[in-house]
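Engineer: Curious how this folds, go ahead:
(3 chains, ligands or ions: 3)
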Amino acid sequence: MKLTSLMLNINGEDRTVIVRPADTLLEILREKLGLTGSKPGCLNGDCGACTVMVNQRTMKSCLMLGVEGEGTEITTIEGLKGTPIQQAFVENFAFQCGYCTPGFIMNSQALIQAHPNADDEKIKEWLESNICRCTGYEEIEKAIMSVIKNPGT
Amino acid sequence: MIPFDFEYYKPKTIQESVDLFQTLTEEGKHPVFFSGGTEIITLGRINHLYTEAVIDIRDIPACKVMEFDEHYLYLGAGRSLTEIEDANYFPLLTATSKEIADHTARNKITLGGNICANIFYREAVLPLLISDSQVFIGGPEGIKAEPIMRIFDKKLQLKEGEFLIQICTERKYLGVPYVTVKKRKQGDTGYPLITVAVLKIDENINVAISGLCPFPFRSEQMETYLNNSNYSIKERIDLAVKHIPDPILSDTEGSSEYRLFVLKNTLLDCLTELERGNM
Amino acid sequence: MKTIGKSVIRKEAEDKVTGKAKYTDDKYAGDLKVLHGRLLTSPYAHARIKSVNTEEAWKVRGVRAIITGEGLPLTGEEIRDRPPIAVDKVRYHGEVVALVVADDPVIAKRAVSYINVEYDLLPVVNSPTEAVQEGAPLVHENVEEYDRDEDIHPIPRSNISNQMKIRKGNMEQGWSLSEVTIESNFSFSPSDHTAMETRCAVCEIKADGYVHIETSSQAPFMVKKLISAYFDIEVGKIVVDTPLVGGGYGGKASVFQEILAYIASKAVGGRAVKVLHSREEDMITTPCHVGLDAQIKLGATRNGKLKAARIQYLFDGGAYSDKAVHLSRAGGVDCTGPYEIEHIWCDSYAVYTNHPFASPYRGFSHSEVLFAFERAMDILAQELNMDPLHLRRINAIGPGDLTPTQVRLNRSNVGNVVECIDRVKELSKWDEGKIEEINERIIRVKGAACLWKNSTIPPDSVSGAILTFNEDGSINLISGVVEIGTGTKTVLAQMLAERLKMDIDQIHVRMKVDTQTTPEHWKTVASRGTFMAGRALLEAANDVICQLKEITATVLRSRVDDLDIGDQRVFLKEDPSIGLHFKEIAHGYTYPNGNSIGGQIIGRGNYILQRMTYLDQETGRGNPGPEWSVGAQVVEVEFDRRDYTYRVVKLYTVLDVGKVLNFMAARGQVTGAASMGLAFASRETFLFDDLGRVLNPQLRTYRPIHYKEHPEYIVEFVETPHIDAPFGARGVGEQGLLGIPAALGNGLSTAANVSLNQLPLIPELIWRTKEGK
Ligand SMILES: Cc1cc2nc3c(=O)[nH]c(=O)nc-3n(C[C@H](O)[C@H](O)[C@H](O)COP(=O)(O)OP(=O)(O)OC[C@H]3O[C@@H](n4cnc5c(N)ncnc54)[C@H](O)[C@@H]3O)c2cc1C
Ligand code: FES
Ligand code: FES
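Structural biologist: Ligands and ions are numbered 1, 2, ... in the order given. You can find the predicted model right below:
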């Protein structure tokens, strides 16, 4: 196996890892860095369970090589602490098994940062990137709406 | 998890990329150009693609452009679809692009990657086909510009070692009336059953379609019928669909008969909307 | 009540929103002690294996074992018909053909691609109807020779692994009383549960012979039992751990990945091996959602009283029987909707095909059977020219009536069907019309269905609970229920808080299940967690109440029956200011002089289902389960008459849940189930080619419902208590799904004015049916 050394900035910390260039960011987060909050659901870009932020933009970490992450700022669910969206997910019962939750929260958080007043259409455009099999999405909708200040303004 | 190993290169110039490709080929590494990489990663995972070296083109300045000059809009092949949507210089392209994959995936999928994809929908090419855009291609023989209608036949006809650098579109196309519709088997996400992009310029309608055949296309023959104002819209469509370039797809998204049914209705809606816009 | 009925936030909520919640694979990520098992699966649905060549694969450095099928025991929960790795032939696309164990997942995967297998294709059985035709190819040549449970009745030299009969009343009489009859066929192919966490298991065999398995399972106790039986290991030497599970919906109630992990570990001298299924494998290699071909004939009087039903269900159990037999039995038990019908004849078959094999799916064959039966009810209503909900109402089953298996219903063992119908009618403004024209293309239509469900779980299923006290007077709650997302463990904590009249924050719930230290809970399925574990828990609560009072009585020198309990204190009823806090007695009481009495308070409780019976082989007569929960659902759809596309706008559900224990959690279960039902009804199916291969084993092409594709949910609960159940609660985890496929089918059939009898209801199907293509 061909290995290379890589420096990644994750949740504000510089971390050095030895990886294959062919390793995805998701594998590196989970297997090399112990950041198992990002979940494997399909490894095919379809489910969103592995969503993280790279330079504030949402990224399916299974669709990105670790080597592409050099020089970027990566945020995973472990890097979010006490945000309103996390609280909103708890209060609105926006999960059951919780497996999709880190991905949904990362996507929601990035959305709120980019569009604090997103309208319904914008929210749909962003959140349809993730699948939740347990809920009927209603509670997730309520959670996100509760942190969007003035929808559509 | 990609079962094979590859080297990762991120050249800074076109020349460097071309040279790299050549050297790596000589070393027997089957290099591929890497843009968003989503397809290389996901097809590689299931052994539908193999390479021992990838050449990431996104650090090449020409692949990053997103700018105008007096006559043209230039879009770098390495730009992600959402970057192009957010800038929204070409509203028809934005509208077509917004229906591809999903928002998070489009943060990674690039314009060049979508157009050069193995997954045959390549929906982002539709607006470029009907706006008579030009493509810039880099390769062993230098950089060349070609009308996309000449070089895109089912897919971009690149020679070994060539890659797409950027696309330029005449400004006059950017503001014209358009309709773009993606019809799916069911629901609001996923691959198309068919996607149709239509624009109107100088009283003429240009149409390109993805999902109908195993490649996207713009057919001048079909357009001739669709523009024949001696007939009603319905009649024009009936004549036009006789000239679909290939047997219509029958697959997991839908049968060919059903695709034809959906196509006719979609064309009807598109043309009606454009005519209405005219009044 | 203080805690029951409240929307208490689930105990593991904080962990789940911070990424700290651990699922099986999370615990082993990056663990260098663990080897990795990867599968080579069959590209064909039915083929003879001519040769397997592993020579090239062995050359990959880091490969520790390559395992093929010979010499392994046959497996299967009810019929032992499945080699864990295929031998001689493969019977479905995706079947395991070889298992590679290597140091690293990449190496394992690489080695898999170097294994060469030669196949000879065999003719394929591509549907249950094909399977029962004269001369159909046999999926299993000698089904009757397999070891099996006693009450299973395969038909020799056929593809039928079990026939279940319901014979109630007299059909001749039934038809002679019928003035109107209808007959129709219904069908759908297998599909998938698609839990977001794919199945994963890690197995290690310790030096002392103990087998440790960690698995994402709904049935850790069944894993222990079956691994013991298959591999002849003392049951006490198998320890199964289950942490949080990322969704199951029945799919993780089958024992599958654990068998592979055990075989793999054994092959490498007991070292820990992980088997983590890819999404593609999780869809087709591991067990899926059953398919069905159904035939229904109904007879009724002119004024709509049902008189006779003749039913045939051919369940597409796929290549191996696993739970298909049981599914076909459950489909027979509740073979009709919730109606009183005097004369019923039903044959329910579990059928082998060359499809992926079936496990339970939320509702355990009820949404499947109800799709057929409730569609037939609408067809009958149309024939009678009668409002379909009215037809259902006048036939609704209730106390005093006899079910298909001839159980006499009473006020406790069945919910109130009529009330559910009346409420859903009112909520959906049913009487304002089923069709409303929005414009020349769009119409708004409604479709309805009723539902019922008993859970036909084995009559000797058990559940247990243990309560231990901490020094500070707080309580640890230990139950064998797996936290798969239903929030059952939080509901158990609510029950305990209610019973002990204490703050729920002082109750610590153990989320993980470990079969060595956790009392058994049969399986976390069938909406029975709350019922059985709840009963066990209440018994344990009474146990600790007794113990707390006894020690307090000694200390206070009072009588036990003069004491009461509340806010973590035991006190005199007469003067509540006199008493002891739990913390003073939870770990024994110490007198001022140092003398001590008592000890740690440990409560125990258990429960076994009461008065269930086996079903009679000839008539199906018998008591299959504790109670029937019932409900009614209405779907409101906007339908485009030109394009045949539609949008589900609203979805009304009224369920008789006996008693609401946690409102938000219950509502979430209902809307989640409804969403899954809608996905099953409107979009999800495996697509097979002529060779029986699944063409869409990825979420790219098999697309569940996404955000904002959901309708508005209107949910209401009726509360007819089930007397045996804790606080009267009935099942709620599955019911919200059960009526949806039928209700949608009914609504769209009305909209398109054509009978739609297949699933999923994609626009192309409607177009095809309507245009006669
Ligand atoms: C979740 C998901 C959903 C999808 N849904 C859709 C959809 O709805 N519609 C649709 O059209 N597509 C869809 N796709 C396919 C996707 O658009 C293509 O796979 C596309 O290739 C991805 O772009 P990329 O930039 O990641 O490409 P890459 O993976 O980088 O490259 C794709 C291919 O193009 C080649 N290539 C890339 N850049 C160049 C270049 N500049 N010059 C020459 N060759 C180049 C590569 O060598 C490779 O063969 C989906 C993909 C995903 C992951
Ligand atoms: S695991 Fe990355 S999108 Fe599913
Ligand atoms: S909570 Fe289970 S998948 Fe979303």
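
Engineer: Which other helices and strands does the longest strand anywhere in chain B contact?
Structural biologist: Counting residues, the longest strand found in chain B (DSSP state E) is strand B:204-213. Applying 3 or more Cβ pairs under 8 Å, 6 or more residues apart in numbering or on different chains; DSSP states H and E, one finds that strand B:204-213 contacts helix B:125-130, strand B:194-201, strand B:215-217, helix B:220-226, helix B:256-278. No exception for glycine: its C-beta is placed from N, CA and C like everyone else's.

Engineer: TSV please, covering these and showing distance to chain C.
Structural biologist: Below are these laid out as TSV (distance: least, Cβ to the nearest Cβ, whole Å):
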stretch	distance to chain C
helix B:125-130	20
strand B:194-201	12
strand B:215-217	18
helix B:220-226	20
helix B:256-278	5
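
Engineer: which stretch in those is the model least sure about?
Structural biologist: Of all the helices and strands packed on strand B:204-213, helix B:256-278 carries the lowest average pLDDT, namely a mean of 93.

Engineer: wait, what's in contact with the residue of chain A found nearest chain C?
Structural biologist: Relative to chain C, the nearest point of chain A is A:G37 (2.1 Å; Cβ to the nearest Cβ). With contact taken as Cβ atoms under 8 Å, 6 or more residues apart in numbering or on different chains, A:G37 is in contact with A:T76, A:I77, A:E78, A:P102, C:T18, C:G19, C:K20.

Engineer: Out of the residues you listed, give me the one that has the most neighbours.
Structural biologist: For those, neighbours were counted using other Cβ atoms under 10 Å in any protein chain shown, and A:P102 has the most, 31 neighbours in all.

Engineer: Could I get the full set of helices for the stretch 301-450 of chain C?
Structural biologist: Assigned by DSSP state H, counting those that start in this stretch, the helices in the stretch 301-450 of chain C fall at C:324-333, C:366-384, C:388-395, C:417-427.

Engineer: Quick check: which of the helices and strands packed on strand B:204-213 is buried the most?
Structural biologist: helix B:125-130 (a mean of 27; mean count of other Cβ atoms under 10 Å in any protein chain shown).

Engineer: Are it and ligand 1 in contact anywhere?
Structural biologist: No: with Cβ under 6 Å from any ligand atom as the criterion, ligand 1 is not reached by helix B:125-130; the gap is at least 8.6 Å.

Engineer: Where does residue 144 fall, secondary structure wise?
Structural biologist: Using chain A. helix A:138-147 (DSSP states H and E).

Engineer: right idea, wrong chain: chain B
Structural biologist: B:K144 belongs to strand B:142-147, assigned by DSSP H and E.

Engineer: repeat for C:F571
Structural biologist: Using DSSP H and E, C:F571 sits within strand C:569-572.

Engineer: gap between that strand and the chain center?
Structural biologist: 43 Å (Cα atoms, centre = their mean, to the nearest Å).

Engineer: and residue 57, how many neighbours?
Structural biologist: No chain was given, so I picked chain A. Neighbour number of A:R57 under other Cβ under 10 Å is 18.

Engineer: The chain in question should be chain C.
Structural biologist: Neighbour number of C:A57 under other Cβ under 10 Å is 22.

Engineer: ok, it - contacts?
Structural biologist: Residues in contact with C:A57, defined by Cβ under 8 Å, 6+ apart, are C:V63, C:I66, C:V100, C:A111, C:V112, C:Y114, C:I115.

Engineer: Correct me if wrong: the first one contacts C:A111.
Structural biologist: Yes: with the criterion set as Cβ atoms under 8 Å, C:V63 and C:A111 qualify as a contacting pair; they are 4.8 Å apart.

Engineer: Give me the more crowded residue out of these two.
Structural biologist: C:A111 (27 against 20).

Engineer: if I read this right, C:L609 contacts C:I457, doesn't it?
Structural biologist: Yes: counting by Cβ under 8 Å, C:L609 does reach C:I457; the two are 7.2 Å apart.

Engineer: what touches both of those two?
Structural biologist: C:G625.

Engineer: and which of the contacts of C:A57 is nearest ligand 3?
Structural biologist: C:V112 (28.6 Å; Cβ to the nearest ligand atom).

Engineer: Next, count neighbours for that closest one.
Structural biologist: The burial count for C:V112: 24, using other Cβ under 10 Å.

Engineer: isn't there a strand covering it?
Structural biologist: No: counting by DSSP: H, G, I helix; E, B strand; the rest coil, C:V112 falls outside a strand, being helix.

Engineer: and chain A, which residues reach ligand 1?
Structural biologist: Chain A comes close to ligand 1 at residues A:G45, A:D46, as judged by Cβ under 6 Å from any ligand atom.

Engineer: the longest helix in chain A is where?
Structural biologist: helix A:101-114 (DSSP state H).

Engineer: May I have the residues that are in contact with the single nearest residue of the stretch 1-150 of chain B relative to ligand 1?
Structural biologist: Closest approach between the stretch 1-150 of chain B and ligand 1, counting by Cβ to the nearest ligand atom: B:G113, at 1.9 Å. B:G113 is in contact with B:S35, B:G36, B:G37, B:T38, B:E39, B:A77, counting by Cβ under 8 Å, 6+ apart.

Engineer: would you list the residues you listed in JSON lines and tack on secondary structure, distance to B:L158 and pLDDT?
Structural biologist: Formatted as JSON lines, these follow (DSSP: H, G, I helix; E, B strand; the rest coil; distance: Cβ to Cβ, whole Å; pLDDT from 0 to 100):
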{"residue": "B:S35", "secondary structure": "coil", "distance to B:L158": "13", "pLDDT": "98"}
{"residue": "B:G36", "secondary structure": "coil", "distance to B:L158": "17", "pLDDT": "98"}
{"residue": "B:G37", "secondary structure": "coil", "distance to B:L158": "18", "pLDDT": "98"}
{"residue": "B:T38", "secondary structure": "helix", "distance to B:L158": "19", "pLDDT": "98"}
{"residue": "B:E39", "secondary structure": "helix", "distance to B:L158": "15", "pLDDT": "98"}
{"residue": "B:A77", "secondary structure": "coil", "distance to B:L158": "11", "pLDDT": "98"}
